[in-house]
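> I would like the atomic coordinates for the input below:
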Amino acid sequence: MSTMAKNRSIGWTIGSLLFSIQIIALQAQTYTCSVQNQTVIGTDMYFDIYLQNTSSTDTIYLGDTDFSFTFDNLNFTNDAVSVEQFGDPNSKLDWFYGYDAVIPNTPPYPDVIKLNISPPFFSNQTQFQQRVQDFPTNQTSPGTFIATIKVSQISNPNGSMNLLWRSLTPHPTIVQTFETVNYNQINITSNGIFQNPPNTPLPVELTSFTARRYLSHVQLHWETATELNNYGFEVQRKEVGYDWDVIGFVPGKGSVLYPQVYDFRDNLVDSRHPHEQIAYRLRQIDRDGTHEFSPMVHVASRSLPEHHRLHVYPNPGLSQSSVALNLDSEQTTSICVYSALGREVLRIVDARVLSAGNHVFPLDLSTMPAGRYIVTAIAGGRRYIAPLMVGR
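Okay, here's the model as predicted:
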């Protein structure tokens, strides 16, 4: 055997060995998935999905993943699910192509909720590190926030949610990670612990919770339908890059059977970034010390966030959707639709000069196969992206 052939053989053997070692390491990744903050507002049920990396050696890079649950659908009328929030404002999940919460209809499984998320396009290591959501080693509980799911139209206020992780086919929970040599996706579902939440009753209590930004403050407003042993509400604020802060407390009304109205003014005196996006939530505390969290509400930053400038609606779309782009100034703009493989499918705007303001363009989906797409706008040298789902 020639020296060159020997070198090729040795290189192939070493490469195969390194690839095998990395596959074994990724298959050894461990994690915990949990449900947090089950809350009822009006006739809607909300819950948060978290993933915590418990490995001490390996980072998890989230791939194409399904989070699936069963629930007691007999306590809901014409139940429907939706994603109320996908990832924290400072997470990488904004890069992901799409996310879709459904109750599968074909075949009919009306007691199943499934959240499917698909990873972003990347073509090199820099894009991989920038766009793929990573879960670092030894995360503290509950880990990284994935999404808030809303289940609509509670019909039995004396019933319960009975939310449980689903592992059975069809529609099982599937968790995948990328390996970092050639970016293959590896199924690590069997390495996870899936913690079922307590069975939450479905009383109609908190009926609304809103936040509105003014010039120098944010006004919070919430209402309850009934209260039982309600000690009060701890008001919490979260700014990008920071944990939750307690900013105030509003006493409750104890036990009442008629609606109550509450208001709280955040003057932003101690805010680190008063002009950026801010999240709020309430920690409702009973007189016995038990508590539960409300869903989060947000106020936008003073100037429109970059990832909110491009919007597709309706989404998912069947035959026709619209693409909206907001510009601060006159800019040369191109807008294109790409397939999940990164191939250009449609060019909506080709290097046109658009004035400042909001622009809406029709998007014909009738000739596009069902599936996931990405809409990209390049304006003034900046790139904006928005996921698109085409159904049939």
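> tell me the domain boundaries of this protein?
What automatic domain parsing lists as the domains of the chain is 29-195, 206-299, 306-390.
> Could you dump those domains into CSV and include mean neighbour count and mean pLDDT?
Any C-beta I mention is one placed from the backbone N, CA and C, and that applies to glycine too. Formatted as CSV, the domains of the chain follow (neighbours: other C-beta atoms under 10 Å; pLDDT from 0 to 100):
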stretch, mean neighbour count, mean pLDDT
domain 29-195, 17, 90
domain 206-299, 16, 85
domain 306-390, 15, 86
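> can you give me the helices for the stretch 51-200 of the chain?
125-131 (DSSP state H, counting those that start in this stretch).
> Strands of that one, start to end?
Here the stretch 51-200 of the chain has its strands, by DSSP state E, counting those that start in this stretch, at 60-61, 65-70, 81-86, 98-102, 112-118, 134-135, 144-151, 164-165, 176-178, 185-187, 192-195.
> and of the ones you listed, who's closest to N53?
Set against N53 and scored by C-beta to C-beta, the strands of the stretch 51-200 of the chain come closest in strand 134-135, at 3.9 Å.
> strand partners of the closest one, parallel vs antiparallel please.
Strand 134-135 pairs in its sheet with strand 60-61 (antiparallel), by DSSP bridges.
> how far does the partner strand sit from the chain's center?
16 Å (C-alpha atoms, centre = their mean, to the nearest Å).
> just stretch 80-89 next, same as before
5 Å.
> end-to-end on it?
End-to-end distance for stretch 80-89: 25 Å, by C-alpha to C-alpha, to the nearest Å.
> picking that back up, rebuild the strands of the stretch 51-200 of the chain as CSV, extending it with distance to V40.
Conversion of those to CSV gives the following (distance: least, C-beta to C-beta, whole Å):
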stretch, distance to V40
strand 60-61, 32
strand 65-70, 17
strand 81-86, 14
strand 98-102, 18
strand 112-118, 16
strand 134-135, 29
strand 144-151, 10
strand 164-165, 18
strand 176-178, 32
strand 185-187, 35
strand 192-195, 21
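> Tell me what the residue most central in space within the chain is bridged to.
The centroid of the chain falls nearest to F86 when counting by C-alpha atoms, centre = their mean (1.5 Å). Counting by DSSP bridges, F86 is bridged to A147.
> now do P251
Beta-bridge partners for P251, by DSSP bridges, are G232.
> Assess the claim that it and E227 are in contact.
No. With contact defined as C-beta atoms under 8 Å, P251 does not count as touching E227 (11.3 Å).
> my guess is R347 is in a helix, correct?
No. R347 sits outside any helix when classified using DSSP: H, G, I helix; E, B strand; the rest coil, being strand.
> give the contact list for the closest residue to it other than its chain neighbours.
Using C-beta to C-beta, 6 or more residues apart in numbering and skipping residues adjacent in sequence, the residue nearest R347 is C336, 5.1 Å away. Residues in contact with C336 (C-beta atoms under 8 Å, 6 or more residues apart in numbering) are E344, V345, L346, R347, I348, V375, T376.
> how about 10 Å then?
C336 is in contact with E344, V345, L346, R347, I348, V349, D350, I374, V375, T376, A377, I378, counting by C-beta atoms under 10 Å, 6 or more residues apart in numbering.
> Of those, which is the nearest to T207?
T207 has its nearest neighbour among the contacts of C336 in V375, at 35.8 Å by C-beta to C-beta.
> Cheers, nothing more for now.
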